[in-house]
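[1] For reference, the sequence and a predicted model appear below.
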Amino acid sequence: MPETITRIRVGANTIGIIGLKHHLAEVAQSHGDASDAEITDELFTRLKTRNYIAAPATERYRSAFFKAYLTFVGREVPKEEGGPLSVRILGTGCGRCEKLESDIRRILSEEKILAECDHLREPKEIAAYGCFASPGLVINEELKVSGRVPTEQELRSLLGV
């Protein structure tokens, strides 16, 4: 079975994790009744075998793996205070998706907003956000727009400018 690489946010960085989806599914099935700490331990134990994790970053990875698990099983992910804004453009790469990404990046740059900006193109990742019409816009893990390109004024408002 070829292992896939899934990008997740670890601290302020986006990191590719080998086998994340596979292990999330296995742990959800085998440890569904376990405590959050046991689930976190199990995910970390499984994932560190195929992914390099520097010792000082251990807690950030453990937290990121558990947040990915919460999302995978449909549980609420606690909001993080502070840190950069998280912006995700959802769409397979059509012209409208590319325009939305361009508009977002331009506004972030003009306003000097510290943000992590990703463009997710895989249909399963897009659907995981509940977005079934592209383009979609997710800000701090909350779907804000689906199926259209917002006006510049609306984008600025959504970004808090």
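    Yep, it's here.
[2] Helices along the chain, start to end?
    With helices called from DSSP state H, the chain shows them at 20-30, 36-47, 58-73, 95-110, 123-128, 152-158.
[3] Please name every helix or strand in contact with the second one.
    Just to be clear, that refers to helix 36-47. helix 20-30, helix 58-73 (3 or more Cβ pairs under 8 Å, 6 or more residues apart in numbering; DSSP states H and E). Glycine gets a C-beta too; all of them are placed from N, C-alpha and C.
[4] And stretch 60-72, how far out from the chain middle?
    For stretch 60-72, the separation from the chain centroid amounts to 10 Å (computed by Cα atoms, centre = their mean, to the nearest Å).
[5] no no, stretch 48-68
    15 Å.
[6] quick one: which of the helices and strands packed on helix 36-47 is nearest residue 6?
    helix 20-30 (4.2 Å; Cβ to Cβ).
[7] What are the contacting residues of the closest one?
    Residues outside helix 20-30 that contact it (Cβ atoms under 8 Å, 6 or more residues apart in numbering): 1, 3-4, 6, 8, 39, 42-43, 46-47, 65, 68-69, 72-73.
[8] from the residues you listed, which is closest to residue 153?
    Nearest to residue 153 among these, with distances taken as Cβ to Cβ, is residue 8, at 32.0 Å.
[9] residues in contact with that closest one?
    14, 15, 17, 20, 64, 65, 67, 68.
[10] Show me just the buried residues among those.
    15, 17, 20, 64, 65, 67, 68 (16 or more other Cβ atoms under 10 Å).
[11] Pull out the buried residues from the contacts of helix 20-30.
    Buried members of the contacts of helix 20-30, counted by 16+ other Cβ under 10 Å: 6, 8, 39, 42, 43, 46, 47, 65, 68, 69, 72.
[12] ok so, going back, rank the helices of the chain by mean pLDDT and give me the bottom one.
    Among those, helix 123-128 carries the lowest mean pLDDT, a mean of 87.
[13] Tabulate the CA atom coordinates of that helix in PDB.
    Output of helix 123-128 as PDB, limited to C-alpha atoms (Å, rounded to 0.1, in the frame of the first residue of the first chain):
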ATOM      1  CA  PRO A 123     -11.300  16.700  -3.300                       C
ATOM      2  CA  LYS A 124     -11.300  14.600  -0.100                       C
ATOM      3  CA  GLU A 125      -9.500  17.400   1.800                       C
ATOM      4  CA  ILE A 126     -11.900  20.000   0.400                       C
ATOM      5  CA  ALA A 127     -15.000  17.900   1.300                       C
ATOM      6  CA  ALA A 128     -13.600  17.500   4.900                       C
END
